[in-house]
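**Q** Provided below for reference: sequence and predicted model.
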Amino acid sequence: MSTTTTDKKTIAIIGATGGTGLCLVKQGLDAGHKVKVLARNEEKLSEFASNENLDISKGDVTRYEDVKCTLAGCSDVIVSLGGRGKICSTAQPVINKALNDTDSNMRLVVVTSMAVGDSYHDVTWGTRRFADLIISSAIKDKNLQERSIMRDTTDWVIVRPAGLGDGEMTGKEEYGPHAAPASYKVIPRADVAHFILNKCLSGQDEWKRYPVTVYPPQ
């Protein structure tokens, strides 16, 4: 099942070798978009290597020149970073500068997490406790990332998914501002990618300059 977006774009994906990033690459290519990727490990993208619409640049997301080169000629950039440490808050200002120096009107879509920013007050008590006690360093990193986006860029969408899983795409994701599932359920990464490619790219302004929570049907 592919995305339904008909306007073909050139999309940069930062964090393309992670779980959500790989779903974005696959669905973006399936929809006929040209996809530009910045990656340190090209082998993780080997299954797409023969696709003529995929442009892979080897580099580091914290290096300005590497990021700027990847963004050249793009209408949209999607950022899906994660992992240990402070990669989100370290890389995002670099991405913001490269974007502004390339085209300040380029659409920036960034995947963070439910319980980040003002969504902390929307989630259940159990989710807040999990965020405070188990993943507090990751939440702090993504909070700093979101502040950087809102401060330094103008055309952005922040996507805050519920807990992520590896299931098949359903295309039935639910979403909204200040929305949250009544109970904790994971959402397939493929559904997050589906939402981004169909609802968040340039020309689709429902969520422009809004953080939006994405979660599975309840």
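**A** Thanks, I have the structure now. Numbers count the residues shown, from 1 in each chain.
**Q** report pLDDT for the closest residue in space to T102 that isn't next to it in sequence.
**A** With Cβ to Cβ, 6 or more residues apart in numbering as the criterion, T102 has its nearest non-adjacent residue at 4.7 Å, and that residue is L71. In this view, the C-beta of every residue, glycine as well, is placed from N, C-alpha and C. In the predicted model, L71 carries a pLDDT score of 98.
**Q** look up how far S137 lies from L71.
**A** Taken as Cβ to Cβ, to the nearest Å, the spacing of L71 relative to S137 amounts to 28 Å.
**Q** again, but for K185
**A** Note on K185: its distance to S137, by Cβ to Cβ, is 24 Å.
**Q** after the worst-scoring helix or strand of the chain on mean pLDDT comes which helix or strand?
**A** Taking mean pLDDT, DSSP states H and E as the measure, the chain has helix 125-133 as its least confident helix or strand, at a mean of 72. If you walk from helix 125-133 toward the C-terminus, the next helix or strand you reach (DSSP states H and E) is helix 136-152.
**Q** next, the buried residues of that following helix.
**A** Of the residues in helix 136-152, those buried under the neighbour-count criterion (16 or more other Cβ atoms under 10 Å) are A138, I139, D141, K142, N143, L144, Q145, E146, S148, I149, D152.
**Q** now stretch 150-165
**A** D152, T153, D155, W156, V157, I158, V159, R160, P161, A162, L164.
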